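Novice: Whatever this is, show me its structure:
(chains A, B and C)
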Amino acid sequence: MGAGRRTDEQVKKAVEQAMSTLHHAPSGTNNGQTTAGGVRGNGRTYWRSLDEMAETGEFRDFLHREFPEHASELLDGSRRHFLKIMGASVALAGAATLPGCRRPDHKILTYNEQPEDVTIGKPLYYATAVRLASGNVEGVLAETFEGRPTKLEGNPLHPATRGKSSNQAQASILSLYDPDRDPAVWKNDHDLDVWGKKDVAGFADGHMASFDNTRGAGLAFLVEKSSSPSRMAMVTRLGRRWPDAKWYSYDSGQNENAIEGTLVAFGNEYSQHVSLEQARVILSIGSDFLGGEDNSLAMNRGYAAGRYVAGSRRGHEAGGSSMSRLYVAESEMTITGGQADHRVRVKPSQLQAFAVHVARAVLREIEDVQGVGAVSGAVARATTLAALDEQHAKIADAVAAELVANRGAGAVLVGASMPAAVHAIMHAVNAALGNIGPVFKYTAIPSHVSASSTKAITLLAGRIERGDVSTLVTIGCNPCYDAPADLGFAEKYASVGHTLYLGDLNETAAASKHRVSRSHDLESWGDVRSSDGMYTVIQPMIAPLYDTLSDIELLGMLSGDGVADGYEIVRQTFGPFANVKGAVMEKAWRRTLHDGIGYGSASKTLTPGVQWSRVGAAVENIKPIGGDLEAVFIACPKVGDGRFANNGWLQELPHPVTKIAWDAPALISPATADRLGITRDRHPKAAQYNHAQIIDVTIDGAKARVAVWVQPGLADDTIVLTMGYGRTVCGRIGTGVGMSVNAVRSSGGMRVAGASVARAKGESPYLIANTQDHWAMEGRGAVREIDLPAWQKFGDEDLTHNHDVQMDPYDRSRNLNFAGRLGTESHTPANESVYQKEHQNDHAYTELDENGDPKRDANGNVLAAKNKYGKRIQQWGMSIDLTKCTGCGGCTLACQAENNIPVIGKMEVAKGREMHWIRVDRYYVSTTEDDAYGVEPADDPNPEMVVEPIACMHCETAPCEVVCPVNATTHSKRGTNDMAYNRCIGTRYCSNNCPYKVRRFNYFDYGTKSFTGGYGQLAEGLSDAPEPSNMNLIPPRFREARPEVEWMQRNPHVTVRSRGVMEKCTYCIQRVNLASVETKLHDLDHVADGYFQTACQQSCPTDAIVFGDIYDNDAHNGAGSLVKQARNDGRSYALLSFQNTRPRTTFMIRLRNPNEQLVDDRRREGWKDPFHHGHGGGHGDHGGGHDAGGGDGHDEHANGRIMSLPVLMNSGAMV
Amino acid sequence: MSEQSVQQQEPYGLMGEYSDVTSVYRAAEQFRDAGYTMWDVGCPFPIHNLDEAMGLKQSKVAWIMGTGAAVGVALALFMQMWTAGGGTLDIGWLSGYRVNVASKPLLAWEQFLPVTFELGVLISSFGAIFGMLMINRLPMWYHPLMKKERYLRVGDDKFFISIEAKDPKFNDAKTRQLLESTGAAHVEVVEA
Amino acid sequence: MTTLEPDQATALGLTGPGSAPADTIDGSMVNDPAVRPPLVLGDRDFHSVTETICGWIENKTPKWWPLAFMSSAGVAGIGTVMILYLIITGVGVWGLQNPVSWGWAIVNFVWWVGIGHAGTLISAILCLFKQQWRTSINRFAEAMTIFAVICAGMFPGIHVGRVWMAWMLFPIPNSNYIWPNFRSPLLWDVFAVGTYFTVSLLFWYMGMIPDIATLRDRAMLRRKQSVTFGPVWVPHPLPGFIKNMTFTIPANQIASWVYGVLALGWRFSFRHWNNYEKAYILLAGVCTPLVLSVHSVVSFDFAVSNVPGWHTTIFPPYFVAGAIFSGFAMVLTLLIPARSLYPGMKDFVTAKTIENMCKIITLTGSMVGFAYIMEFFIAWYGANEIESQTFMMRAFGPYWWAYWIMFTCNVLTPQVFWFRWCRTNIAFIFMISILVNIGMWFERFVIVTTLSSDFLPGSWGYFSPTFVDVMTFVGSLGIFLSLFLLFCRFLPMLAISEVKNVLPQAHAHLHGEEH
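Specialist: Next up is the predicted model:
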């Protein structure tokens, strides 16, 4: 490093500056706009000298070198030299987080601590909220390091989120640090004239003022939906100034049918709130309530609670089971469908018929509710009914019977693709069953949220066409991309004289005459109400990174009455909203900021009465859909309606069902593919890469060219079209990803439409990045399932002394529990370590007595090993309950945010190099009755889906460790399998030897080099070059470094891995360590159960993941820690336990709760003896089925159903 | 000093050329029987049983090699046990971190066998090759015999017997006679 | 095999069956068991042996040599560029992914190491078994071993993610106090391959010392006779300067110096020979278990892991058999062209020698085939579902084509050597030897790609190589051939002293004595 060009004096000065800023806590100034004025200068100028210093090569080297050359001098060098290096480090710490020191200007409060308690390296949590599509919001806690938000987690106090957060909310932090938000990028890359604050002020004073003469005629506002009271106040202000100005709120993914359904059923627009934990029978009519529809967090929570009570079998006592039963009828395959006990797979028109059939069957039975008769008559007459076939009608009758049997404890949910009438009839059904009240509650929706987007955009288009709009101010939404195709909105938009756009870089921004870049929710003031009315103040975590405005600031400036500072606007709204003034208001304000919720602000819940006659009329008018295929439009569960298209995390997150990242091809069922002549060969080009065919979808004469993917479990004659892709102006990540379906989405068929499909001629197959290409479990019992009756019967069996079960043929113990009896370990000899007794595997983790056996306490619990101070070494472990896990992928994202996992791009994912530390495996299970053996799921008309999150299992006898030649991965005393990145040379042997394949390798410099997704160059002519360039193939020396702003998201507690290094789940060791330190500081003996959570555990909406000390015997009044309880449960099993890897992560068997009347005899027989093996014979029979044709039948473990599928496929499709 | 320089003046010895294996073999037997000690046979390949004809003892290479094997095995075992930091070889920080690898014992000796074997082979091979060179006092890039143009055909098809002048039995005339009587052609004096 | 040297009258019979009596071919194949077939043909004396073998080095460079060397060096250059690109960019330029974290690099490594087994095996084991026909091929095979092991050693080196940190594989004292993990088969590999390379190199070099001394002596003789090489014309680009520069290369001076240094002063003293022979036979003794151990250790890379299809106890013997198999095939691949390109070589490398090698190939090929079948049997017999599914996947899964290429080339083709015609027809043998090389490469490919489907189907994937993968492998062939051509040009291809030793006149004819 040498003396360099910098004198000690300069370094010292830099250090002082760094320190002074660190003391500059968020309390900061409290005088409005003074410092915020020079936004771009703020912070930047302050740090100028350090910035320059950081740019010098020597400091860069110090930061980036893996082993700093002079590191040893820290020990033996001169004091002066030491100071120099330390100075440089501190300076760089500042430099790396450079804009991170941009404190917000107004006083914000930490969630649980006073700002003056800021400790470097210790995160602070602030409560705020994140706005999502359609006016939805989530209350979140933002984790900040020295003023730099790094991660979003749900706010535990918020009643809707209860500490959980959706994928989009979690990922929205990445959008804050999106370099494409920088107005300078817009200017340079897209040749756009982007306005800053001053320009807007000039526009407001000049052009906007001219509307004062016309009372605002000719002025129109098109805004995205928002529940913000402040924005409502701005609207009022604008309305006062320009009474004739028009106001439209628009959101292309809005669930209008549901709102209209409440209007039909109840005569008013309501938001529906479901207490699913109260429901014993749940019927979903195309509703993906677990997978990202409105309020899905509450739905997940309620569903999991009702599905499963307590942590063990106690909740499912024989006879008195409280486990709810889920019926799903749907056209797509969703994660809700994957959870179903019985799933009906029908196209949308039949789905309507199914709903009506259920309604008829239910209402027929209800005699004690007034007004029902009117509806049941209408229902019986409904023409839709004819569409339903007999087989489905049978199931519908069974569902209805069960709903009737569980009056007041049932829930019928309807999805967005169903017309309002179906929503209405199901409200009526719920009302008739008495479910409204115990299960369903309703709250009023603000009219600007509920108003129909389709109508609004149609009206606006009409006005523009008539020339009634001379100035259009658009906020947030992107109509030039996603407005209904029949409106021709983009051309109309271009014809407007003055268009001012506030928002992210997108198609509409590019088409606007004036653009303003928008502040992120984490850097601006605002307020929101969640769908239950709960009020939250959005407080900035950081001063705006760029010269940007928030929506209320823009509207405030345009309204021209002086108050244009977001903070002031929110304060002004807060007082009247909370009905407080003066000192009380100050107190309430602080409280609201602190807790992230406004106490008492939740809307009153209502149980409105059904207007029976209107419902009847609506049902009779349900229209057929028609068309060769029925197209269903769904918003992507990842990028939504396209608003998150530039978010790398969401793009790279595999779709929970298709496991496709970086795309959302159209989906069709295998049978339909065969009918249309679309090949099911996924590898037409190269076996390593999946490819999809290109088709033309025609709806009402409009045509869209999309890739098509064959997806088992889909309804036949249905094509699922996912919105949000094919963005042409988006940013370095999102531009050009996927194909747009908006061209065939018209105002007449925003959700469902009749379509026809033809193979596009001459198009080469389209690359699909699919993270899981094999969908059969091959009978390996990775996911174990059992039907509830069998569990109720056998779950309590005491197997400890059952010699036949516990001993293998060689008379060695194999410690089987209920779950173990269902798996491979029940019929293979116990696999034991060669190191017997004295080197028993427990030796490192448990206290041993003189015989070498683990010591036990009075209750027979094994005691953990003690450290040299006589304190128990906590032994960490995890349990994942597969009954609760829905496969949403929230854990994957949380882990990505927490552990600095890089985004690697489509080509790398397609190659199979995804970096996610948690993957969610998804398997299809064949349910075919007549030919149970050797059915490929793709050929199975009705496969079920199971999911299983897989991360590092932290095996006690980790196979990865023994093969590492350099001791880079070893075991800690706490039982975690640790990676020393510095030590790793990248032989990748550990990955080969990992039976779970959870290790991830940095094949390239993913972490440090700038990444653009590789699509940027394809903004035009998307289908011409369907495979993006893989920029990783350029040597890193010739690539740009990652923009500094992207580094700001990084968790400083987690190393950013370099090229050539293996990585994997660490059990969030940084959180474990932080908790250990905290407990030590408080002089506590050990980290109490639940004191902290791993990132995945924290985010899991159904609490399927439990983490803790597996030898904590005393927690919870002697019951032991939650994870210990889970591990002791009969449902617990270790994946591939016959390998004797002794994983610390265990799984709990998935329970299904089928209706006895809907299962076949074979399955019912299985309940009597679930451990019965399919072959019946001895183990020698196992190879019997191995003929070249495949179809080897292995054990059907769970409940007599086939879990095994052939290894060998005729085509390459099963590679 | 002067003595040495005088000795330097003396020739290295005598050298006689033979043209076939049998004659050189017979000659060697005679030189052996005559009691010469500091003499040698030059031949393009190792003639079978010539060691007996010359009365040579067993080579010591085997001993060196055996020692090498023992050293290699000991070194390997020590290195592995020490670096694994196990058992009695735990000598504080010198033995490194006592890392828990897959919950195996620190001294998992079974897994130390391959390296032990390989190191044993390596060092014993060094012993054989370098031991051989050492006993032969090689490399030696200068030797009086090599200056004789005739001797340069020893690697081709000629056989030589050379007797050093330092040999106590060496007598210029008698030795020359013995050479000639055993059928040597071109008996020459080899200059030092 | 159409280029026949004019002085090869005795070898004419080798160009095809029928042109000589089938039972003698070139005179080396005597059917009468009472008659010991001659090991060297052409009625050669010591001097003609020296002249022929040294002539290949001392005579004018054959015309084909620069052409062959330039092309193989060019290919080696491409390989080097690929390796540089790999190192500066990352191992992602190969087709590796999850779950196939090892790809062509390991395939190539094992293949090359396997090939590298023939030389030491011929030198050591055949030496112990007193198989004198080995003398004509052992030098050749040893050289091939060294170069194959160089190519092999290259691959694990560049295959690691951080090449610049690969020194951490060695037990070097360091400030972190972290030592290598001696429990890892990869570390065993480092020691096994390192030992094997070092010992093979020393063994090869030691064997060459007397022959280099011969070359040295001949160069010194020529020097004394003032034979020089040249003049060499060097074109000069500058007009007006000295138009053409010519100079004489002091070739014999250079040769006598270089060979002189390398010969370590060997002077064919029988006192030296005595120790030398002892060391040689002892080394042969210690190299025999070494040869067996090295490929066993390489097989441990797979067998010690728990990957289904890798975790089998049959691997060590099966790998060793395969190594000998591929090594002999590679020796034949190189020997057959060399035999017809170098005048007089056929007198040493006789039809009998080639036939013997064919027999070993059939033997080891059958052993390998037995192992293939045994793997299936055990997978079925062991009743481990995952294991048996893995083997079914090998033969009928996505990589079925690789499996059947392997099976055909390795098991079926060598069986043709049961027929005498096949093992005496040189062109045919050459073709089979290439097929065996291909088959053995695919054997390793099949084993490594077993990774593509292990325990959890959810993580299954498919590996395909990239351009860089392919060109790195091709480049290694170029490096191997370049080194080999240099060897042919500058070092004695046949062990001169050993060949002389098996001539009839090398034995003293003593009255009434057997020897």
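
Novice: Every contact and neighbour count from this point should use C-alpha atoms.
Specialist: OK.

Novice: List the contacts of whichever residue of chain A sits closest to chain C.
Specialist: Using Cα to the nearest Cα, residue A:1060 is the residue of chain A that sits closest to chain C, at 3.6 Å. Applying Cα atoms under 8 Å, 6 or more residues apart in numbering or on different chains to residue A:1060 gives the contacts A:985, A:986, A:1001, A:1002, A:1003, A:1004, A:1005, C:90, C:91, C:160, C:161, C:162.

Novice: Return the residues in contact with the closest residue to it other than its chain neighbours.
Specialist: Among residues not flanking residue A:1060 along the chain, residue C:161 sits closest, at 3.6 Å (Cα to Cα, 6 or more residues apart in numbering or on different chains). Residues near residue C:161 by Cα under 8 Å, 6+ apart: A:985, A:986, A:987, A:1003, A:1059, A:1060, A:1061, C:90, C:91.

Novice: ok, now with 6 Å
Specialist: Residue C:161 sits next to A:985, A:986, A:1060 when contact means Cα atoms under 6 Å, 6 or more residues apart in numbering or on different chains.

Novice: And residue A:653, what's its pLDDT?
Specialist: pLDDT recorded at residue A:653 is 93.

Novice: Can you give me the neighbour number for the residue nearest to it when sequence neighbours are not counted?
Specialist: Spatial nearest neighbour of residue A:653, chain neighbours left out: residue A:661 (5.7 Å); criterion: Cα to Cα, 6+ apart. Number of residues near residue A:661 (other Cα atoms under 10 Å in any protein chain shown) recorded here: 25.

Novice: circling back to that earlier point, which pLDDT value does the model give the residue of chain A closest to chain C?
Specialist: At residue A:1060, pLDDT is 92.

Novice: so how far is residue C:117 from it?
Specialist: 31 Å (Cα to Cα, to the nearest Å).

Novice: Give me the neighbour count for residue C:445.
Specialist: The burial count for residue C:445: 22, using other Cα under 10 Å.

Novice: Let me know the next secondary structure element after the one helix or strand it maps to.
Specialist: Using DSSP states H and E, residue C:445 falls within helix C:426-448. Where DSSP H and E defines the elements, the next helix or strand beyond helix C:426-448 is helix C:467-490.

Novice: how about that following helix, does it get close to chain A?
Specialist: No: if you take Cα under 6 Å from any Cα of the partner chain as the test, helix C:467-490 misses chain A, and the best it gets is 10.9 Å.

Novice: How far off centre is that helix?
Specialist: From the chain centre to the centre of helix C:467-490 is a distance of 12 Å (Cα atoms, centre = their mean, to the nearest Å).

Novice: Keeping just the C-alphas, turn it into PDB.
Specialist: What follows is helix C:467-490, C-alpha atoms only, in PDB (Å, rounded to 0.1, in the frame of the first residue of the first chain):
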ATOM      1  CA  PHE C 467     -16.700 -24.100 -26.800                       C
ATOM      2  CA  VAL C 468     -14.100 -23.400 -24.100                       C
ATOM      3  CA  ASP C 469     -14.600 -26.900 -22.700                       C
ATOM      4  CA  VAL C 470     -14.000 -28.500 -26.000                       C
ATOM      5  CA  MET C 471     -11.100 -26.400 -27.000                       C
ATOM      6  CA  THR C 472      -9.300 -26.800 -23.700                       C
ATOM      7  CA  PHE C 473      -9.500 -30.500 -24.200                       C
ATOM      8  CA  VAL C 474      -8.300 -30.300 -27.700                       C
ATOM      9  CA  GLY C 475      -5.600 -27.900 -26.500                       C
ATOM     10  CA  SER C 476      -4.400 -30.500 -24.000                       C
ATOM     11  CA  LEU C 477      -4.000 -33.000 -26.900                       C
ATOM     12  CA  GLY C 478      -1.900 -30.400 -28.600                       C
ATOM     13  CA  ILE C 479       0.300 -29.900 -25.600                       C
ATOM     14  CA  PHE C 480       0.700 -33.600 -25.300                       C
ATOM     15  CA  LEU C 481       1.600 -34.100 -28.900                       C
ATOM     16  CA  SER C 482       4.000 -31.100 -29.000                       C
ATOM     17  CA  LEU C 483       5.900 -32.500 -26.000                       C
ATOM     18  CA  PHE C 484       5.900 -35.900 -27.600                       C
ATOM     19  CA  LEU C 485       7.200 -34.700 -30.900                       C
ATOM     20  CA  LEU C 486      10.000 -32.800 -29.000                       C
ATOM     21  CA  PHE C 487      10.800 -36.000 -27.200                       C
ATOM     22  CA  CYS C 488      11.000 -38.000 -30.500                       C
ATOM     23  CA  ARG C 489      13.200 -35.300 -32.000                       C
ATOM     24  CA  PHE C 490      15.700 -34.800 -29.200                       C
END
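
Novice: Check the most centrally placed residue in chain A and give its pLDDT.
Specialist: The centroid of chain A falls nearest to residue A:167 when counting by Cα atoms, centre = their mean (2.4 Å). Among the per-residue scores, residue A:167 shows a pLDDT of 91.

Novice: ok, it - contacts?
Specialist: Contacts of residue A:167 by Cα under 6 Å, 6+ apart are residue A:890.

Novice: again, 7 Å this time
Specialist: The neighbours of residue A:167, taking Cα atoms under 7 Å, 6 or more residues apart in numbering or on different chains as the test, are A:890, A:893.

Novice: Equivalent analysis for residue A:134, please.
Specialist: Applying Cα under 7 Å, 6+ apart to residue A:134 gives the contacts A:225, A:251, A:253, A:254.

Novice: Spatially, which two of the residues you listed are the most separated?
Specialist: A:225 and A:253 (10.5 Å; Cα to Cα).

Novice: between the two, which one's more packed in?
Specialist: Between residue A:225 and residue A:253, residue A:225 has the larger neighbour count (other Cα under 10 Å), namely 26 against 23.

Novice: pretty sure the more buried one belongs to a strand, no?
Specialist: No: Residue A:225: not assigned to a strand; according to DSSP: H, G, I helix; E, B strand; the rest coil it is coil.

Novice: Could you check how many residues crowd around the residue nearest to it when sequence neighbours are not counted?
Specialist: Excluding its sequence neighbours, the residue lying closest to residue A:225 (Cα to Cα, 6+ apart) is residue A:135, at 4.8 Å. Here the number of neighbours of residue A:135 (other Cα under 10 Å) works out to 21.

Novice: What does the pLDDT read for residue 182?
Specialist: No chain was given, so I picked chain A. So residue A:182 comes in at 86 (pLDDT).

Novice: please go with chain C instead
Specialist: 91.

Novice: Next, it: secondary structure please.
Specialist: coil.

Novice: The residue nearest to residue A:225 and residue A:344: what is the separation?
Specialist: Counting by Cα to Cα - residue A:135 and residue A:344 are separated by 32 Å.

Novice: next one: residue C:344
Specialist: 83 Å.

Novice: So the closest residue to chain A within chain B, which state does it fall into?
Specialist: Nearest residue of chain B to chain A: residue B:102, at 4.1 Å (Cα to the nearest Cα). Per three-state DSSP, the local secondary structure of residue B:102 is coil.

Novice: Now the phi/psi pair for it, please.
Specialist: phi 50, psi 30 (degrees, to the nearest 10).

Novice: That one and residue A:957 touch, don't they?
Specialist: Yes: judged on Cα atoms under 7 Å, residue B:102 makes contact with residue A:957 at a distance of 4.1 Å.

Novice: Looking at the two, which one has more neighbours?
Specialist: Between residue B:102 and residue A:957, counted using other Cα under 10 Å, the more crowded position is residue A:957 (24 against 21).
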